[in-house]
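Engineer: For reference, the sequence and a predicted model appear below.
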Amino acid sequence: MQNEKSGVLWVVASFLIWGIMPVYWKHLSHVQSDEILTGRIVWAFFSTLLLILILKNGKQLLQDVSELWKKQFQFWSLFIASILVTSNWFIYIWAVNHNYIVQTSLGYYINPLVSVLLGIFFLKEKLSSLQKIAFLLAASAVVILTFSYGKFPWIALTLAVTFAVYGFIKKRIQLDSLRGLAIETLFMTPFAIGYYIYLFMKGQAVFLHSDVKTDILLVLTGVATALPLVLYAKGVQMIPLNVSGFFQYIAPTMMLFLAVVVYKESFSSIEMLSFSIIWAALILFTISKVYETISMKRNAH
């Protein structure tokens, strides 16, 4: 029981950090999104590598890389996953710093539903009646938003799809989350360093050419990336999956609050209606998953 309580604390802490991240990126809004992303990749790699070495897991990291290279399908799958998560990071940073936090919130609300869709198409999983209703509700909300905006909510959908496909690939590769992040960022680090050299040669880099605060914030993007992941990985092992599922909505709820209350983004009555429909869909979806878990436990006994 004590372990489960500790697990809840770790997981909630991770989602609180993810939820507050728009504030962090807003403090870097004077830096171009491509440079923030470049720094995030490089510093995330060095931060995770340093933590791995502190934990004396360097040997396991080398073994992971060696094993991945032997399994070429998994190696290139992880490479694709790294491209997806990098794309997700860029869109998210760009959206936050261009006042689209409401759409980022929407993206992470519908992410679990997109994940289930992938299960239907690729793993031939079946939906319960409640889950079918949840999908119809979510789809109707997206249609309403599309007509409301006068254009497709591409930021929300791209964030949801890239992260869902990333998660789908990662679940099929047995890797420690911290070492996995190190390898993913290692894939992208040569490109990031190359791009940083280009920015410096062109005189367009903000890093080391601005104030100390900006430099520190750019360096700490690595810690900001790795810390919540480590907390989540530690906590999720101690609690049932359906319990952690409840907490995943903390982050998008905080994002929505920050968008509307702190950063005064517009939130019309149509958007309120659409989000309410999505919340209803998520409640139905969560109830169905809890019911499935309870049924599986009963059948096991």
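Structural biologist: Sure thing, it's come through.
Engineer: quick one: the residue nearest to residue 273 when sequence neighbours are not counted and residue 260, what's the gap?
Structural biologist: Using CB to CB, 6 or more residues apart in numbering and skipping residues adjacent in sequence, the residue nearest residue 273 is residue 144, 6.7 Å away. Where C-beta positions appear, they are placed from N, C-alpha and C, glycine not excepted. Residue 144 sits 18 Å away from residue 260, taking CB to CB, to the nearest Å as the criterion.
Engineer: about what we covered before: would you enumerate the residues in contact with the residue nearest to residue 273?
Structural biologist: When contacts are counted by CB atoms under 8 Å, 6 or more residues apart in numbering, residue 144 touches 270, 273, 274, 277.
Engineer: Next, work out how far apart it and residue 102 are.
Structural biologist: Remark: distance between residue 144 and residue 102 (CB to CB) = 14 Å.
Engineer: which residues of the chain score low on pLDDT?
Structural biologist: The chain contains residues with pLDDT under 70 at 1-2, 241-243, 245, 300-301.
Engineer: how about the helices of the stretch 151-300 of the chain, start to end?
Structural biologist: Ranges of helices in the stretch 151-300 of the chain, per DSSP state H, counting those that start in this stretch, are 154-171, 177-202, 212-219, 221-236, 241-247, 250-257, 269-300.
Engineer: Let me know the helix or strand that the residue nearest to residue 273 is in.
Structural biologist: helix 129-149 (DSSP states H and E).
Engineer: Just the buried residues of that helix, please?
Structural biologist: Using 16 or more other CB atoms under 10 Å as the test for burial, helix 129-149 gives 130, 131, 133, 134, 135, 137, 138, 141, 142, 144, 145.
Engineer: My guess is residue 29 contacts residue 94. True?
Structural biologist: No - using CB atoms under 8 Å, residue 29 makes no contact with residue 94, being 10.6 Å away.
Engineer: burial of residue 162, as a residue count?
Structural biologist: For residue 162, the neighbour count with other CB atoms under 10 Å is 24.
Engineer: Next: residue 103.
Structural biologist: Residue 103 has 25 neighbouring residues, counting by other CB under 10 Å.
Engineer: Quick check: phi and psi on it?
Structural biologist: According to degrees, to the nearest 10, the main-chain angles of residue 103 amount to phi -70, psi -30.
Engineer: OK, contacts around it?
Structural biologist: Counting by CB under 8 Å, 6+ apart, residue 103 has contacts 95, 153, 155, 156, 159.
Engineer: Which residue comes closest to the second one once chain neighbours are left out?
Structural biologist: The reference is to residue 153. residue 145 (5.1 Å).
Engineer: I'd say that neighbour and residue 271 touch.
Structural biologist: Yes - between residue 145 and residue 271 there is a contact under CB under 8 Å: 6.9 Å.
Engineer: quick one on the thing from earlier: make CSV from the contacts of residue 144 and add distance to residue 237 and neighbour count to it.
Structural biologist: Below are these laid out as CSV (distance: CB to CB, whole Å; neighbours: other CB atoms under 10 Å):
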residue, distance to residue 237, neighbour count
270, 41, 13
273, 39, 14
274, 35, 24
277, 34, 19
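Engineer: and those residues as CSV, adding distance to residue 207?
Structural biologist: Listed next are these as CSV, based on distance: CB to CB, whole Å:
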residue, distance to residue 207
270, 41
273, 43
274, 39
277, 43
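Engineer: and which of those is nearest to residue 210?
Structural biologist: Of all these, residue 210 sits closest to residue 274, with 39.0 Å by CB to CB.
Engineer: ok, now how distant is the closest one from residue 106?
Structural biologist: As judged by CB to CB, residue 274 and residue 106 stand 8 Å apart.
Engineer: ok, now residue 222?
Structural biologist: In terms of CB to CB, residue 222 sits 27 Å off from residue 106.
Engineer: Give me the more crowded residue out of these two.
Structural biologist: Shown here are residue 222 and residue 106; by other CB under 10 Å, residue 106 has more neighbours (27 against 23).
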